[in-house]
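1. I'd like to go over a predicted model; first the sequence, then the structure.
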Amino acid sequence: MIGQVAVRRFPALTVSTPRIEVRHLVAADAEAVDEVFADRQTQRWLPLADASGQIDGRAWCTELARQRRDSGDGDHWAVVRREDQRVVGFSYEGLLRNAGFVRGARVDLELWSFVAADLR
């Protein structure tokens with residue numbers, strides 16, 4: 001096809017375990033996402049911040065994350081604890097040097113994880 005570029009799109013999926021569900025963001029996640037986006041390190045590396053450096057959680061959960069997924073630019077997920085439907089925090093594990101690409105340059109990425117004890 002002349003003049004068209006194929007875009008790799010991330011697959012739609014949901015991951016479920018007895019304790020958590022990993023799913024796409026929804027409007028109900030906006031408050032938790034606002035808390036994450038209020039963190040200075042998060043603001044430093046996420047795209048689409050407005051002039052004040054803030055990203056609106058509701059817009060991210062209802063429009064922006066889906067647009068990035070559909071364009072192939074990235075995918076964003078909510079990890080939800082089943083017992084209370086709360087989006088859960090992770091523990092810092094380490095730094096991956098030059099593992100990412102943001103705004104046209106190589107960047108370091110932080111690695112975060114959680115273990116079963118984090119779900120209690």
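-> Great, that's in hand. Numbers count the residues shown, from 1 in each chain.

2. make it CA atoms for all contacts and neighbour counts henceforth
-> Will do.

3. biggest strand in the protein by residues?
-> Using DSSP state E to assign secondary structure, the strand with the most residues in the chain is strand 91-102.

4. Now find how far off-centre it is within its chain.
-> Computed by C-alpha atoms, centre = their mean, to the nearest Å, the chain-centroid distance of strand 91-102 equals 14 Å.

5. Stretch 98-105 too?
-> If you compare the mean C-alpha spot of stretch 98-105 with that of the full chain, they lie 16 Å apart, counting by C-alpha atoms, centre = their mean.

6. re earlier: C-alpha coordinates for the longest strand of the chain, CSV please?
-> Below are the C-alpha coordinates for strand 91-102, written out as CSV (Å, rounded to 0.1, in the frame of the first residue of the first chain):
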residue,chain,number,x,y,z
SER,A,91,8.7,-2.2,45.1
TYR,A,92,11.8,-0.8,43.4
GLU,A,93,14.1,-3.5,42.2
GLY,A,94,16.8,-1.8,40.2
LEU,A,95,17.8,0.2,37.2
LEU,A,96,18.0,-1.0,33.6
ARG,A,97,20.7,1.2,31.8
ASN,A,98,19.7,2.5,28.3
ALA,A,99,16.8,0.1,28.2
GLY,A,100,14.2,2.6,27.0
PHE,A,101,13.6,5.2,24.3
VAL,A,102,11.8,8.4,25.2
